[in-house]
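Visitor: sequence unknown, structure follows:
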């Protein structure tokens with residue numbers, strides 16, 4: 001869908017003419033970036049309207065109604081909800097194999113396949129409420145949900161495990177663990193459930209008869225930073241010291257045993273992003289400054305390579321390793337996704353002055369092998385697809401696929417709007 005941006009004065013004139021309220025709603029959606037202001041202006045309870053829509057109680061048989069105005073209002077409601085869905089994406093997460101991703105929003109939960117891009121599952125607010133975050137267990141039916149947003153069904157202090165193979169809706173919630181404070185993130189392994197609070201990491205056995213195995217204290221962690229290695233026993237999260245990372249090997253840790261995590265002092269500033277490779281042998285970190293990404297050997301704690309995203313500070317949204325650990329991708333609020341070589345670092349660009357060591361670390365840094373641009377300041381997460389491709393998904397509902405070569409070329413192969421794939425759910 002593409003719509004022209006209309007001036008707010010047009011909306012005001014429509015109100016003065018006592019135009020149909022749903023028509024005003026429609027144009028308000030297209031003309032303002034401040035939805036709360038528009039709804040205060042119109043005096044509409046959009047939360048209630050959204051809930052009624054998803055319950056299919058708003059105009060249930062309107063498509064075949066003889067009243068054409070009612071049909072028009074129905075379509076305007078539908079268009080409004082499409083725009084609200086884009087504006088209210090709460091989180092996006094790739095699964096462990098990076099071949100699926102979850103979209104948690106105020107309209108519920110959607111799960112997409114990456115290659116080819118298709119919607120695999122839609123759980124509306126009538127089933128799960130609005131969702132703050134969701135985590136898949138590979139491609140299985142088990143999904144961890146955290147409630148949040150405008151019309152939550154599940155508490156923000158709880159992690160709910162949803163089993164979509166259950167035939168009865170009331171039986172799909174197979175696990176519900178409540179905490180004393182809001183859950184900021186959740187991670188799943190085949191045998192562990194990791195729940196992230198602002199100052200604690202809780203590790204549970206999973207999936208049968210969950211039991212708390214360990215609790216680790218952290219520095220204040222509002223971003224919910226915590227990563228697990230899909231094919232290894234590694235869990236990493238912020239340490240107590242600014243810029244430090246704690247590393248725990250779950251295989252070498254017995255329940256109820258006092259554990260002293262290994263610590264790496266990665267940065268001077270606060271951490272912004274963490275990532276591990278598939279096996280858990282490598283750790284990538286970045287600070288809130290957002291200029292450098294450091295890659296460490298987990299076993300030796302030694303720095304493998306330091307990569308420079310840019311010279312200006314930036315907010316990093318995501319770091320991800322490729323499946324073979326050969327490459328690393330990084331997204332930021334600068335509207336660029338950077339791709340670095342990790343194994344063959346000679347592929348990375350360097351300054352022409354890099355051989356002149358006396359000029360300092362800046363010109364000696366390794367810069368990205370390739371990059372591509374995204375909508376500026378639109379939060380997105382990135383991951384690697386097959387055949388040296390990088391996938392980026394954005395909170396505006398757009399899907400981007402680029403293919404890069406080792407000589408630095410990067411070309412767009414696919415573009416789509418994944419939220420539009422849910423239009424059939426709203427007909």
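Guide: Arrived safely, thanks for sending. Computed from a predicted model, the values in this text were never measured in an experiment.
Visitor: please tell me how far the closest residue to residue 190 other than its chain neighbours sits from residue 102.
Guide: The shortest distance from residue 190 to any residue that is not its chain neighbour, by CB to CB, 6 or more residues apart in numbering, is 7.0 Å, and that residue is residue 137. C-beta here means a position set from N, CA and C on the backbone, and glycine is covered the same way. When CB to CB, to the nearest Å is the yardstick, residue 137 and residue 102 sit 11 Å from each other.
Visitor: quick check: buried residues in stretch 391-406?
Guide: 391-395, 397-404 (16 or more other CB atoms under 10 Å).
Visitor: and stretch 125-132, by the same measure?
Guide: By 16+ other CB under 10 Å, the buried positions in stretch 125-132 come out as 125, 126, 128, 129, 130, 131, 132.
Visitor: could you chop the protein up by domain?
Guide: 8-85, 269-427 (automatic domain parsing).
Visitor: shaky segments in the chain?
Guide: When the per-residue scores of the chain are filtered using pLDDT under 70, the ranges that remain are 1-87, 252-258, 351-364, 376, 422-427.
Visitor: common neighbours of residue 137 and residue 102, please.
Guide: Residues touching both residue 137 and residue 102 comprise 95, 143, with contact defined as CB atoms under 8 Å, 6 or more residues apart in numbering.
Visitor: and the gap between the residue positioned nearest the centre of the chain and residue 280?
Guide: For the chain, the residue whose C-alpha lies nearest the mean C-alpha position (CA atoms, centre = their mean) is residue 92; its distance is 2.6 Å. Distance from residue 92 to residue 280, counting by CB to CB: 23 Å.
Visitor: check residue 124 too.
Guide: With distances defined as CB to CB, the gap from residue 124 to residue 280 amounts to 37 Å.
Visitor: got it, and residue 401?
Guide: Counting by CB to CB, the gap from residue 401 to residue 280 is 27 Å.
Visitor: quick one on the thing from earlier: look at residue 124 and residue 280 and report which has more neighbours.
Guide: Applying other CB atoms under 10 Å to residue 124 and residue 280 shows that residue 280 carries more neighbours, namely 23 against 18.
Visitor: was I right about the more buried one contacting residue 234?
Guide: Yes - taking CB atoms under 8 Å as the contact criterion, residue 280 and residue 234 are neighbours in contact, 3.2 Å apart.
Visitor: joint contacts of those two?
Guide: What both residue 280 and residue 234 touch, as defined by CB under 8 Å, 6+ apart, is the set residue 298.
Visitor: mind listing the strands the helix or strand in which residue 403 is found pairs with, and their directions?
Guide: Under DSSP states H and E, the secondary-structure element containing residue 403 is strand 398-404. When pairing is defined by DSSP bridges, strand 398-404 lines up against strand 389-394 (antiparallel), strand 410-417 (antiparallel).
Visitor: point out the most buried one among those strands.
Guide: When neighbours are counted by mean count of other CB atoms under 10 Å, the highest per-stretch mean among the strands paired with strand 398-404 falls to strand 389-394, a mean of 24.
Visitor: for stretch 365-372, what is the distance to the chain centroid?
Guide: Centroid separation for stretch 365-372 versus its chain: 23 Å, with CA atoms, centre = their mean, to the nearest Å.
Visitor: with stretch 208-215 instead?
Guide: The offset between the C-alpha centroid of stretch 208-215 and the centroid of the whole chain comes to 26 Å, using CA atoms, centre = their mean.
Visitor: mind listing the helices for the chain?
Guide: 8-16, 21-31, 35-42, 46-54, 68-87, 125-128, 361-364 (DSSP state H).
Visitor: list the contacts for the nearest residue to residue 264 once chain neighbours are set aside?
Guide: Nearest in space to residue 264, with sequence neighbours left out and distances taken as CB to CB, 6+ apart, is residue 245 at 4.9 Å. Residue 245 sits next to 236, 237, 238, 239, 263, 264, 266, 271, 274, 283, 285 when contact means CB under 8 Å, 6+ apart.
Visitor: doesn't residue 285 make contact with residue 274?
Guide: Yes - in terms of CB under 8 Å, residue 274 counts as a neighbour of residue 285; the distance is 5.9 Å.
Visitor: out of the two, which sits in the more crowded spot?
Guide: In this view residue 274 and residue 285 are compared by other CB under 10 Å, and residue 285 has more residues nearby, 24 against 19.
Visitor: what's the closest non-adjacent residue to that one?
Guide: Residue nearest to residue 285 in three dimensions, not counting chain neighbours: residue 266, with 4.1 Å by CB to CB, 6+ apart.
Visitor: ok, now which ones touch that neighbour?
Guide: For residue 266, the contacting residues are 243, 244, 245, 285, 287, 294, 296, taking CB under 8 Å, 6+ apart as the criterion.
Visitor: one more: residue 390?
Guide: Listed by CB under 8 Å, 6+ apart, the contact set of residue 390 reads 329, 337, 339, 372, 382, 383, 384, 401, 402, 403, 404.
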